[in-house]
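[1] structure for this input, please:
(one chain, ligands or ions: 3)
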Amino acid sequence: TIGVSLFPGDGDKPAALIENARSAQKHAKTLGGKNNYQFFCRETNESVVEQLQLEVDLHNAIGSDQFRLAFQPKINTRTGSINSMEALIRWYHPEKGLISPITFIPTAEKTGLVVDIGRWCLNAVCKQAKQWVDKGAGDLRVSVNISAIEFADDEFVSYVKQALKHNNLDAAHLELEVTETTVMTDIEKSSKIIDDLRLLGVTVTMDDFGAGYSSFKYLGHLNFDWIKIDRNFLLDATRHSRTKTLYDGMVAMAHEIELKVVSEGIEKQSEYNYVKNLGVDEIQGYMISKPVDALEAERILFSKNTQRKRVG
Ligand code: C2E
Ligand code: MG
Ligand code: MG
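    Numbers count the residues shown, from 1 in each chain. Ligands and ions are numbered 1, 2, ... in the order given. As a prediction, this is how the structure comes out:
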C-alpha cells in the first residue's frame, strides 16, 4: 500500500512530505484491499484526521458521562395514552456540544465501540424504566435501539438479562428496536436471538420497515412483536397512490400475522388521521412530541390527558 506526496505542493520540507505521504498511505489502507496507492489530498486528509479525532473522542466519552438519553413517546391510537417511550442517545461533547447519533453511531459501529455504548444505553434505559414504573407508569415499555454489532455479540441476550436483573426491572417494560439489516446477515441466528429475548418477556420491534429491502421473508420467519413503519414510506404513501395502497396493505398484512404496527414520523394531523383510520396501533412523531430529556419525558408521561387533547 503506497502513499504519494509531491514537492512542493504537499510540503517543501522532507519531514512534511513524508508525513503527508504517510497520511495518504493510511487513506489507501482505509480503502481496503492491497496493491493500492493514493496521492495526498488536503481535503481527504482533513476528513481522515477528523474521523480519527471522532474515534478518540468517542473512546473517551465512554465512562466520562458524556452520553444522555432523550425520549420520544409512542401513543396508543385508541386511548391516546403513552404505551412506550423510545430512548434516543445524545452525545454532549465537551467542546463540540451536542452530536447526533446519525453522526457518531456509524463510527461507533466501525470501531466496535458501539457494544460498550449499547450496554450503557441498555442499562440506562432499564434504570429509567424502573423509576417510571415505580412512580406509577403502569404497563409502559421503554424501547432502545440495538445496532447490528451489538445484536450479533454472543453475550447480547445474557447482557439484556443482566441489565434487567441489575435494575430489578420486569422484562415486560423493555422493548428492543432492531432494523431489517441487523437481522438479515444470519436469519437463523437472528431468529434464535429474537425467540430468546421474547422468552425473557422482552418486546422486540422491527424498526424502519419500508426503508430498506422490506423483505416478507424476514417478517415471515422472525417472531417480532411489533413492526415500525418508516417515515419515508409514509411520505411516499401520501404522494403516490400506488405506494398508499402498499402502505394500507402492509398494515393489514402485519395484523393478519399478529404483528402490531407503529407508524413513525407522524408530523401532521392528516398523516395521523390516515394511519389511525388504517387501524395502526401506535404512532410516534413530532406531532405528539420531539425527543425530549428525561425530566420533560416524565412530565409528558404523567400528564396523559393533555396528550389526549393534543392528539385530537
Ligand atoms: P430511529 O431509531 O429510526 O429513530 C427515529 C429518528 O427519527 C430519531 O432521530 C427521531 O428524532 C426522528 N424522528 C422522530 N419523529 C420524527 C418526525 O416526526 N419527523 C422526522 N423527520 N423525524 C422524526 P435521532 O434521535 O437523530 O436518531 C437517529 C437514529 O440513530 C435512530 O433512528 C437510530 O437508528 C440511531 N440511534 C439513536 N439512538 C441510538 C442508540 O441508543 N443506539 C443505537 N444503536 N442507535 C441509536
Ligand atoms: Mg428506533
Ligand atoms: Mg426508526
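
[2] so which bits of the chain are right by ligand 2?
    Near ligand 2, the residues belonging to the chain are 145, 177, 207 when assessed by C-beta under 5 Å from the ion. Using the backbone N, CA and C atoms, a C-beta is placed for each residue, glycine as well.

[3] give me phi/psi at the first one?
    The phi/psi pair for N145 (degrees, to the nearest 10) reads phi -80, psi 140.

[4] ok, and the closest non-adjacent residue to it?
    The shortest distance from N145 to any non-neighbouring residue, by C-beta to C-beta, 6 or more residues apart in numbering, is to E177 (4.9 Å).

[5] report pLDDT for that neighbour.
    At E177, the pLDDT value in this model is 98.

[6] what helix or strand is it on?
    Taking DSSP states H and E as the criterion, E177 maps to strand 174-179.

[7] is ligand 3 contacted by that strand?
    No. Counting by C-beta under 5 Å from the ion, ligand 3 is not contacted by strand 174-179; separation bottoms out at 7.0 Å.

[8] so what pairs up with T179 in the strands?
    D207 (DSSP bridges).

[9] would you confirm that it contacts D207?
    Yes. Between T179 and D207 there is a contact under C-beta atoms under 8 Å: 4.9 Å.

[10] can you name the residues that contact the residue in the stretch 51-200 of the chain that ligand 2 sits nearest to?
    Residue of the stretch 51-200 of the chain nearest ligand 2, by C-beta to the ion: E177 (4.1 Å). Going by C-beta atoms under 8 Å, 6 or more residues apart in numbering, E177 touches 86, 143-146, 205-207, 228.

[11] count of neighbours near K130?
    Residues near K130, counting by other C-beta atoms under 10 Å, number 19.

[12] and what of the one 5 residues further on?
    Other residues lying near K135 total 10 when counted by other C-beta under 10 Å.

[13] how near is the residue lying closest to it once chain neighbours are set aside to G112?
    Leaving aside its chain neighbours, K135 sits nearest to F302 (7.3 Å; criterion: C-beta to C-beta, 6+ apart). To G112, F302 is 39 Å away according to C-beta to C-beta, to the nearest Å.

[14] quick one: the residue nearest to N145 and S214, what's the gap?
    Distance, E177 to S214, by C-beta to C-beta: 16 Å.

[15] same check on T79?
    Per C-beta to C-beta, T79 is found 29 Å from S214.

[16] compare the two (neighbour count), which wins?
    Taking neighbours as other C-beta under 10 Å, T79 and S214 compare with S214 leading, 16 against 12.

[17] mind saving the C-alpha coords of stretch 4-13 as CSV?
    Below are the C-alpha coordinates for stretch 4-13, written out as CSV (Å, rounded to 0.1, in the frame of the first residue of the first chain):
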residue,chain,number,x,y,z
VAL,A,4,2.4,9.5,-2.5
SER,A,5,3.1,13.2,-1.8
LEU,A,6,4.5,15.7,-4.3
PHE,A,7,7.1,18.5,-3.9
PRO,A,8,6.4,21.4,-3.4
GLY,A,9,2.6,21.4,-3.3
ASP,A,10,2.3,18.9,-0.4
GLY,A,11,5.3,20.2,1.6
ASP,A,12,8.6,21.9,1.0
LYS,A,13,10.5,20.1,3.8
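
[18] for it, list every residue counted as buried.
    Across stretch 4-13, burial judged by 16 or more other C-beta atoms under 10 Å covers 5, 10-11.

[19] re the thing from before, out of the contacts of E177, who's nearest Y272?
    Set against Y272, the nearest of these by C-beta to C-beta is K228 (15.7 Å).

[20] so that closest one sits in a strand?
    Yes. Under DSSP: H, G, I helix; E, B strand; the rest coil, K228 falls within a strand.

[21] show me what contacts it?
    177, 205-209, 261-264, 284.
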